[in-house]
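> coordinates only, sequence not included:
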Ligand SMILES: Nc1nc2c(c(=O)[nH]1)N[C@H]1C(S)=C(S)[C@@H](COP(=O)(O)OP(=O)(O)OC[C@H]3O[C@@H](n4cnc5c(N)ncnc54)[C@H](O)[C@@H]3O)O[C@H]1N2
Ligand code: MOO
């Protein structure tokens, strides 16, 4: 399903010797002399490589705005008429001409205007109209006073407050001007977008259709939750967790289940998935063990763009391409699979699917205890951050940092992102924190 070859464009990697121009499959041949572990690709380069080199492969579709929730917008959304399209009252009260205030002690109420009233009312000198929120302003009026700031006897109105000229009037185009762009290409269409589209009468929008993602786990030791485990076996948690995260993304998922640690079985599956999917995601088998065949299968059928990223957890991550699809090989350890999915696969899926680039927000926090860290890889440590009364954030590790322990994601509310070349962190030092995306762990709902 991969289209033309825009992904083969030049990639510039600054290093000590100047700029090197790479095509998508040249990366492994580069001497990574800027990195203390030269065999590892720095994470920021891997991320920008994916986001910059991958093309948009999703196809746009012009369809009902109500179907577009969660998809990426494929054309800017524009207002064809101003909102509101007529001057109307922002309060329940009385509408009058401001200049009348100096001439009349009281105003005579001559009509009542309700929201949705289609008559064009008119008032004259010394008159006012009782008006409801959202009702059209009568001709001859330019100001509204709130009902609570008036008193009324029969049809005589006394004002107890001097409003400003134009007070409580919503003017045409005040919310949205005619021709105004209200949403950008690549926006993820949210409930707010849906409401906005409805408010400007945009019944159809152009949005990207979901790309197809195939998912499988590899490992002879894996069993389905619910089954009895024999000695040496574990439950397949990666596929369940990845499926759950993919559910919140604008993609179609084909679940290929669990494959044994067997090169020909993986090759057979990749051949099939290559024709059925735009993207294939696997977990495990990308390290150097005797049963790690995923990378070999990718090399047999396609090409590897890069393997091994300077991040912890998640070092043995592989990205490459088959004839008709892109391939992401996640490491088997569950936390490593989660972190590489969030840091590398999600931005790539956004790009392929037509989404706008998104940088996760990070901010400084003071380490309340020490953090273990070795130079050489960016660490994503599961951590607990709290803000004090002065607005200062404090952060501490959330339990064990083992790559096998998903439980500390439940305890944690953020990642402490510890830079590649940094060593151990002492209590009191500043570190960066990033909230755990709600794809993996809801923070509020
Ligand atoms: N000599 C080396 N050994 C390892 C290295 C290394 O660089 N040199 N890297 C380590 C790191 S870091 C990771 S992460 C793992 C990644 O290994 P693989 O991607 O090859 O995955 P496996 O070895 O098959 O499995 C690792 C671990 O994860 C468990 N696992 C696998 N799949 C699942 C699943 N679907 N659900 C739950 N758990 C799963 C598996 O049983 C293993 O315990 O390699 C290190 N070794
Ligand atoms: O990075 Mo491994 O991914 O440390 O567990």
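Received, thanks. Not measured: the values here are computed from a predicted model. Ligands and ions are numbered 1, 2, ... in the order given.
> Could you look up the SS state of residue 337?
Under DSSP: H, G, I helix; E, B strand; the rest coil, residue 337 falls in the helix class.
> mind listing what it touches?
By CB atoms under 8 Å, 6 or more residues apart in numbering, the residues touching residue 337 are 238, 241-242, 283, 330-331. To be clear about C-beta, it is placed using only N, CA and C from the backbone, and glycine gets the same treatment.
> which SSE is the residue in the chain positioned nearest to ligand 1 in?
The minimum distance from the chain to ligand 1, using CB to the nearest ligand atom, falls at residue 332 (2.5 Å). Here residue 332 sits in a region with no helix or strand, counting by DSSP states H and E.
> ok, residues contacting stretch 136-148?
By CB under 8 Å, 6+ apart, stretch 136-148 touches 86-98, 111, 113, 117, 120-124, 127-129, 131, 159, 161, 163-169.
> I meant stretch 221-239, not that one.
For stretch 221-239, contacts defined as CB under 8 Å, 6+ apart pick out 215-217, 219, 240, 255, 257-258, 283-284, 330, 332, 334, 337, 406.
> Quick check: the farthest pair among the contacts of residue 337?
Largest separation among these by CB to CB: 241 and 331, giving 13.1 Å.
> Pick out whichever of these two has more residues nearby.
residue 331 (26 against 19; other CB atoms under 10 Å).
> Run a quick neighbour tally on the closest residue to ligand 2 within the stretch 151-300 of the chain.
Proximity to ligand 2, evaluated over the stretch 151-300 of the chain using CB to the nearest ligand atom, is greatest for residue 287 at 8.3 Å. When neighbours are counted by other CB under 10 Å, residue 287 registers 18.
> Local confidence estimate at it?
Per-residue confidence (pLDDT) for residue 287: 83.
> Validate this expectation: it resides in a helix.
No: counting by three-state DSSP, residue 287 falls outside a helix, being coil.
> how close does it sit to residue 318?
10 Å (CB to CB, to the nearest Å).
> doesn't residue 84 make contact with residue 174?
Yes: contact status for residue 174 versus residue 84: in contact at 6.8 Å, counting by CB atoms under 8 Å.
> Identify the residue spatially nearest to residue 263, adjacent ones excluded.
Leaving aside its chain neighbours, residue 263 sits nearest to residue 293 (4.4 Å; criterion: CB to CB, 6 or more residues apart in numbering).
> Please name the residues that touch the one you found.
218, 261-263, 266, 285.
> ditto for residue 217
So residue 217 contacts 236, 238-239, 257-259, 282-284 (CB under 8 Å, 6+ apart).
> And those, which of them are buried?
236, 238-239, 258-259, 282-284 (16 or more other CB atoms under 10 Å).
> Give me the number of neighbouring residues for the residue of the stretch 1-150 of the chain found nearest ligand 2.
Per CB to the nearest ligand atom, residue 40 is where the stretch 1-150 of the chain lies closest to ligand 2, at 10.7 Å. When neighbours are counted by other CB under 10 Å, residue 40 registers 20.
> hang on, isn't it packed against residue 314?
No: counting by CB under 8 Å, no contact exists between residue 40 and residue 314, whose distance comes to 10.7 Å.
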